[in-house]
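Engineer: here are the coordinates; sequence isn't available:
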């Protein structure tokens, strides 16, 4: 539960009238007590607390004219502190425009301090320049909502910093389209300093031993490599080299085809590799030829392999006849797998799944 | 207010069974099913946008006499406070309850209930339903946790074991379990009614009891591998692995469990259990409907010409049905009445 201070008080003052303004208005228009207008008597009710140091103003039961009453703009009774943004969204221009963009306010208000930050932003001076900047970068309109939902802090990052980081990426010879694609897929990218991005790019180029163009391709494929910490990546690389025994060039090929291996869960990666190499007896070079198997779900590989074994079709050696391609084993949907690879019906596969 | 999402949720309230694959924790399975059902519920079209009325002051023309009239015009403005992006999806959590749990090593039928059906779930499990398991064993090894994934403790020979010897051991175990069942069912064995129940195999323990096997059968024997089929009450999967270990010990050898697979949990069989690609709301709605119609068909068969509604066997079935349909009154009356004679 997060409480917000009411930052809309300045907006209230724009819309409504201050107590002193009401008092002066009353002073000019007020006539002695019994004014019989054709529409009767009206009373002024004070909504804001009176300043005790002021000179005693007119009483709350003062009679005012019909026009005066109708011209009065009663400000909305916003709670000073709230746990949800829905109390403020009708009155705040920033919030209603963000909803129109497609930003998920219900998720953002659960994060600490983000709701207050969004309420304090002014749409014209803070939000619009950054949206224009993102549009100029090439980010699609439909992606702006996603971007802000995941990274609302892009609206508080200074424009000079954002422009400097984009200029750095362009200087590293990333094309304009690839920069736009990277920013829309990794919302936190432009919040990181130039030094940090440089550090990471250098790390990937040095550790993987890839050429500059190939490193660029890998980073464009998976832009969150530049956002996260390097420790899990170092551990994954160690596992691939030592535990799995892949050589340098094999690892390079795997990473260029499936960059996700660098950020995959260690336990799941080792579990899949152990099953493929030791139970299915698939040699290293065949795994390198089809690295997609390392990205698949363990349960899927296990079920399909056991089904093929039950049908005596589990043959993965390309040299022998009736060879089953690993790519087809893993990437085909169930229906296509059953008909093409196993030559059985989907019902048979489901019955087999229930015997595991 | 019934929005389309609420209607979908009401269709989902019921009991259904899924097939839990081996190697996953039951909680992960339950969370996956809950996420998928929430996706299905929130995919229903949201209710139309609510409007609120805002009064805007309009300046009117000043009339010749000098008195200007101010009028207010009412405008219907969309209220963003109830927009799904501001208030979130209608359902952010549903209560999915799990029946008798399965540990990580085992697989098989797992009963889940959604919403109001969780009450029926607790009733079902209090009414002593039996479960069917298929146990795969391997002779010649003993491990610390009785399964083949544990640390190996000893290796033995198993050449002397024949099918005949194994069946004799199983018969002995079944006998001791039968005696335990008689003791825990607190039945007076000198009555005719108790005898009839025992003959039909419908004795059940009264109150709490340790794990009891009501049926034990050898399905397949090819040394060192063998398969048993077990029907039991109040069991845990670790107890079943221990049974296999004891079978090995009785045969002067050792055995470990290679797989525990539950094929039936009370009235839920493996035939209608949903595999993991079918853990979505349309399939679950269909499974619930199928289960309800099968129960109705069963009830219609049993409550036909009501001549003998007093026998304990029918009372037992009524108890199970009452538990499943959540009819707590009937359940209470059946269990508190002297159902087992004497």
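Structural biologist: Received the coordinates, thanks. Please read these numbers as outputs of a predicted model, since none were measured by experiment.

Engineer: report pLDDT for the residue of the stretch 101-250 of chain B found nearest chain A.
Structural biologist: Nearest residue of the stretch 101-250 of chain B to chain A (CB to the nearest CB) works out as residue B:107 at 6.1 Å. Using the backbone N, CA and C atoms, a C-beta is placed for each residue, glycine as well. Per-residue pLDDT puts residue B:107 at 94.

Engineer: how about residue A:313?
Structural biologist: 89.

Engineer: what sits against residue 248?
Structural biologist: Going with chain A. Each residue near residue A:248 by CB atoms under 8 Å, 6 or more residues apart in numbering or on different chains is listed here: residue A:209.

Engineer: I was thinking of chain B, sorry if that wasn't clear
Structural biologist: B:137, B:139, B:142, B:156, B:254-256.

Engineer: what are the bridge partners for the residue of the stretch 101-250 of chain B closest to chain A, then?
Structural biologist: residue B:261 (DSSP bridges).

Engineer: if we can go back for a sec, okay, the contacts of residue B:248 in JSON lines with pLDDT next?
Structural biologist: Shown next, in JSON lines, are those (pLDDT from 0 to 100):
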{"residue": "B:137", "pLDDT": "93"}
{"residue": "B:139", "pLDDT": "92"}
{"residue": "B:142", "pLDDT": "92"}
{"residue": "B:156", "pLDDT": "93"}
{"residue": "B:254", "pLDDT": "93"}
{"residue": "B:255", "pLDDT": "93"}
{"residue": "B:256", "pLDDT": "94"}
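
Engineer: derive a ChimeraX selection command for the buried subset of those.
Structural biologist: Command for ChimeraX that selects the buried part of these, burial taken from 16 or more other CB atoms under 10 Å in any protein chain shown:
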select /B:137,139,142,254,255,256
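
Engineer: got the contacts of residue B:248 as CSV, with distance to chain A and secondary structure columns?
Structural biologist: Shown next, in CSV, are the contacts of residue B:248 (distance: CB to the nearest CB, whole Å; DSSP: H, G, I helix; E, B strand; the rest coil):
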residue, distance to chain A, secondary structure
B:137, 16, strand
B:139, 22, strand
B:142, 24, strand
B:156, 26, coil
B:254, 25, coil
B:255, 21, strand
B:256, 18, strand
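
Engineer: tabulate the contacts of residue B:248 (TSV), appending distance to residue A:83.
Structural biologist: Below are the contacts of residue B:248 laid out as TSV (distance: CB to CB, whole Å):
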residue	distance to residue A:83
B:137	57
B:139	63
B:142	58
B:156	65
B:254	61
B:255	59
B:256	55
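
Engineer: next one: residue A:280 from residue B:242, what distance?
Structural biologist: 32 Å (CB to CB, to the nearest Å).

Engineer: please identify which of the two sits among more neighbours.
Structural biologist: residue A:280 (18 against 15; other CB atoms under 10 Å in any protein chain shown).

Engineer: residue contacts, the residue in chain B that chain A sits nearest to?
Structural biologist: Nearest residue of chain B to chain A: residue B:88, at 3.5 Å (CB to the nearest CB). Residue B:88 makes contact with A:106-107, according to CB under 8 Å, 6+ apart.

Engineer: can you do 10 Å?
Structural biologist: Neighbouring residues of residue B:88 by CB atoms under 10 Å, 6 or more residues apart in numbering or on different chains: A:84, A:86, A:104-107, A:109-110, B:42.

Engineer: mind listing the strands for the chain?
Structural biologist: The chain I'm using is chain A. A:42-43, A:63-64 (DSSP state E).

Engineer: my question was about chain B
Structural biologist: Under DSSP E, chain B gives strands at B:15-20, B:51-58, B:71-78, B:96-98, B:107-114, B:131-139, B:141-143, B:152-155, B:212-222, B:225-233, B:255-265, B:268-269.

Engineer: please convert the ones you listed to JSON lines, extending it with distance to residue A:251.
Structural biologist: As requested, the strands of chain B are exported to JSON lines (distance: least, CB to CB, whole Å):
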{"stretch": "strand B:15-20", "distance to residue A:251": "36"}
{"stretch": "strand B:51-58", "distance to residue A:251": "60"}
{"stretch": "strand B:71-78", "distance to residue A:251": "55"}
{"stretch": "strand B:96-98", "distance to residue A:251": "42"}
{"stretch": "strand B:107-114", "distance to residue A:251": "35"}
{"stretch": "strand B:131-139", "distance to residue A:251": "38"}
{"stretch": "strand B:141-143", "distance to residue A:251": "37"}
{"stretch": "strand B:152-155", "distance to residue A:251": "35"}
{"stretch": "strand B:212-222", "distance to residue A:251": "44"}
{"stretch": "strand B:225-233", "distance to residue A:251": "40"}
{"stretch": "strand B:255-265", "distance to residue A:251": "36"}
{"stretch": "strand B:268-269", "distance to residue A:251": "48"}
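
Engineer: can you check which of those gets nearest to residue A:92?
Structural biologist: strand B:71-78 (14.1 Å; CB to CB).

Engineer: mind giving me the packing neighbours of the closest one?
Structural biologist: helix A:66-71, strand B:51-58 (3 or more CB pairs under 10 Å, 6 or more residues apart in numbering or on different chains; DSSP states H and E).

Engineer: quickly run through the sheet partners of the longest one, with directions.
Structural biologist: In its sheet, strand B:51-58 lies beside strand B:71-78 (antiparallel), with partners assigned from DSSP bridges.

Engineer: now do the buried residues in the partner strand.
Structural biologist: Under 16+ other CB under 10 Å, strand B:71-78 has no buried positions.

Engineer: ok, which residues in the stretch 151-300 of chain B are in contact with chain A?
Structural biologist: Within reach of chain A by CB under 10 Å from any CB of the partner chain, the stretch 151-300 of chain B has these residues: B:259, B:261, B:263, B:270-271, B:273-278.

Engineer: the stretch 151-300 of chain B: helices as residue ranges?
Structural biologist: B:163-184, B:192-200, B:237-250, B:281-302 (DSSP state H, counting those that start in this stretch).
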